[in-house]
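Colleague: fold the stuff below for me.
(one chain, ligands or ions: 1)
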Amino acid sequence: MERDHQIAGWRDKVLFTPGPLTTSRTVKQAMLRDLGSRDYEFIDLVRDIRRRLLELGGVAESDHAAIIMQGSGTFGIEAVVSSTMPPAAKLLVIINGAYGRRIAKIASVLKIETVLLDYPEDSKPDLEEIADTLSADEGIAQVAVVHCETTTGLVNPIQEIGAVVERAGRRFFVDAMSSFGAIPLNLAECRIDYLVSSVNKCIEGVPGFSIALARKEALLSSEGYARSLSLDLLAQWKGLEANGQFRFTPPVHALMAFHQALIELEEEGGVEARAARYRDNHRALVAGMRAIGFQEYLRPEDQGYIITSFRYPSHPRFTFEEFYRLLNEKGYAIYPGKVSKADCFRIGSIGRIFQADVRDLLAAIRDTLDEMDIQMNS
Ligand SMILES: *Cc1c(COP(=O)(O)O)cnc(C)c1O
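Modeller: Below is the predicted model of the structure:
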């Protein structure tokens with residue numbers, strides 16, 4: 001596959017971030033047109049996007065719905081939380097990072113009562129404690145968890161959690177923002193009622209909207225629960241089903257790019273092939289960073305292949321700002337850390353990047369450390 005960002009005239013920085021990410025030239029080119037939001041071609045394109053999304057989730061249109069919601073990923077989460085929680089019901093939020101905490105914050109702004117199971121950012125949740133919490137509190141209607149906690153790169157065991165939630169007879173909501181499209185996942189097997197993901201992460205589209213997959217039975221039972229007009233998940237689905245149109249102006253260009261991105265995901269060999277490419281990127285990254293002398297924040301058994309948190313070197317001359325700036329000047333964007341109890345920065349393995357890009361980044365990191373006169377003890 002081509003490293004499009006190296007083609008003459010397309011020399012953008014390579015994004016080693018959690019998103020927005022480096023996209024293919026053809027994904028960007030798909031936006032170079034005008035198309036009306038009520039055009040038959042656009043309606044067909046949206047229909048095909050929604051069909052492909054269900055396929056990626058391993059489910060069929062007979063019992064699942066694919067909904068497109070304007071706004072970034074967080075808007076999709078807010079749409080699910082604000083439109084599927086019954087009045088006076090509680091939301092159990094399983095937290096082991098900043099994105100889990102964000103779900104709890106959204107609920108609290110909406111004045112939805114939460115029960116929190118808050119775990120350290122380097123640990124997986126305790127399944128028994130989740131089961132006990134559910135059996136002790138009948139008022140909990142829904143359980144929310146993040147799949148890949150982008151704070152650290154830890155991947156939560158959603159299938160095991162889904163089984164616990166199903167045994168307790170509650171709804172299950174998964175924030176699969178940074179995993180969908182790159183970590184194989186089947187909504188039915190994981191007992192997921194609602195899943196939200198991003199279009200500018202592992203599917204390699206451009207920002208502009210979020211996607212929600214819902215089990216129809218759950219979605220249809222949420223009639224009357226919406227606390228927002230524009231973020232009303234059920235109304236948005238009904239609109240798309242009725243005439244294939246959006247209730248309010250859709251991000252037409254981002255949708256055209258996303259359609260192309262879905263075609264390219266299929267051409268690459270689907271989720272399994274993309275997972276393999278990202279896994280190779282991650283392996284090359286970790287091996288190279290360790291050789292330089294960097295240390296990952298997570299234990300290897302908890303670390304996923306999407307994004308990796310590395311600890312700051314203890315060298316007195318290291319500052320992240322300077323490290324970031326020098327790498328940026330060389331054409332590489334990395335990302336600040338989000339871990340609350342340790343100084344870390346993050347490097348993503350996702351987007352249209354390949355092992356050769358990772359090798360180039362590692363060389364740039366070595367040069368940058370030389371410029372900063374930092375010797376690492378490797
Ligand atoms: C990226 C991300 C989000 C949403 O971020 P937006 O900036 O709103 O797109 C939410 N949860 C997780 C786990 C993420 O990685």
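
Colleague: low pLDDT regions in this protein?
Modeller: Where the chain drops to pLDDT under 70, the residues are 1-10, 377-378.

Colleague: so which bits of the chain are right by the ligand?
Modeller: 18-19, 72-74, 99, 146, 150, 175, 177-178, 198 (Cβ under 6 Å from any ligand atom). To be clear about C-beta, it is placed using only N, CA and C from the backbone, and glycine gets the same treatment.

Colleague: swap the cut-off to 5 Å and go again
Modeller: When proximity is defined by Cβ under 5 Å from any ligand atom, the chain lies next to the ligand at 72-74, 99, 146, 150, 175, 177-178.

Colleague: out of these, which are buried?
Modeller: 72-74, 99, 146, 150, 175, 177-178 (16 or more other Cβ atoms under 10 Å).

Colleague: how near is Ala261 to the ligand?
Modeller: To the ligand, Ala261 is 15 Å away according to Cβ to the nearest ligand atom, to the nearest Å.

Colleague: what sits against the residue lying farthest from the centre of the chain?
Modeller: Outermost residue of the chain with respect to the C-alpha centroid, by Cα atoms, centre = their mean, is Asp373; its distance is 36.1 Å. By Cβ atoms under 8 Å, 6 or more residues apart in numbering, the contact set of Asp373 is Arg317.

Colleague: and it, how far from the ligand?
Modeller: In this structure, Asp373 and the ligand are 35 Å apart, going by Cβ to the nearest ligand atom.

Colleague: and if you look at Val27?
Modeller: Val27 is 17 Å from the ligand, by Cβ to the nearest ligand atom.

Colleague: just after the strand or helix carrying that residue, pick out the following helix or strand.
Modeller: Assessed by DSSP states H and E, Val27 sits inside helix 25-29. Using DSSP H and E, the helix or strand that follows helix 25-29 towards the C-terminus is helix 40-56.

Colleague: mind listing residues that contact that next one?
Modeller: Taking Cβ under 8 Å, 6+ apart as the rule, helix 40-56 contacts 35-36, 60-61, 64, 66-68, 180-181, 211, 213, 240, 243-245, 250, 252, 255-256, 258-259, 262, 265-266, 271.

Colleague: what's the answer for stretch 281-293, then?
Modeller: So stretch 281-293 is contacted by 296, 303, 305-306, 308, 310, 313, 347, 349-350, 353-355, 357-359, 361-362, 365-366, 369, 376-378 (Cβ under 8 Å, 6+ apart).

Colleague: one more: stretch 226-243?
Modeller: Outside stretch 226-243, the residues that reach it (Cβ under 8 Å, 6+ apart) are 43, 46, 50, 65, 67-71, 75, 78-80, 82-84, 110, 212, 214, 219-220, 222-223, 245-248.

Colleague: which SS state does Ala212 fall under?
Modeller: Counting by DSSP: H, G, I helix; E, B strand; the rest coil, the backbone at Ala212 sits in strand.

Colleague: can you report how many residues lie near the residue of the stretch 201-350 of the chain found nearest the ligand?
Modeller: As assessed by Cβ to the nearest ligand atom, the ligand sits closest to Lys201 within the stretch 201-350 of the chain, at 6.3 Å. Number of residues near Lys201 (other Cβ atoms under 10 Å) recorded here: 29.

Colleague: Tyr312 too?
Modeller: 16.

Colleague: moving C-terminal from the one helix or strand Arg279 maps to, which element do we reach first?
Modeller: According to DSSP H and E, Arg279 maps onto helix 270-292. Next along the chain after helix 270-292, taking DSSP H and E as the criterion, comes strand 307-311.

Colleague: which parts of the next helix or strand after that following strand are buried?
Modeller: Using DSSP H and E, the next helix or strand after strand 307-311 towards the C-terminus is helix 320-329. Across helix 320-329, burial judged by 16+ other Cβ under 10 Å covers 323-324, 326-327.

Colleague: CA atoms only for the host helix or strand of Leu219 - export them in CSV, please.
Modeller: Taking DSSP H and E as the criterion, Leu219 maps to helix 216-220. The C-alpha coordinates for helix 216-220 follow below in CSV (Å, rounded to 0.1, in the frame of the first residue of the first chain):
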residue,chain,number,x,y,z
LYS,A,216,-33.6,-2.4,17.9
GLU,A,217,-35.5,-3.8,20.8
ALA,A,218,-33.6,-1.5,23.3
LEU,A,219,-33.8,1.5,21.0
LEU,A,220,-37.5,1.2,20.4
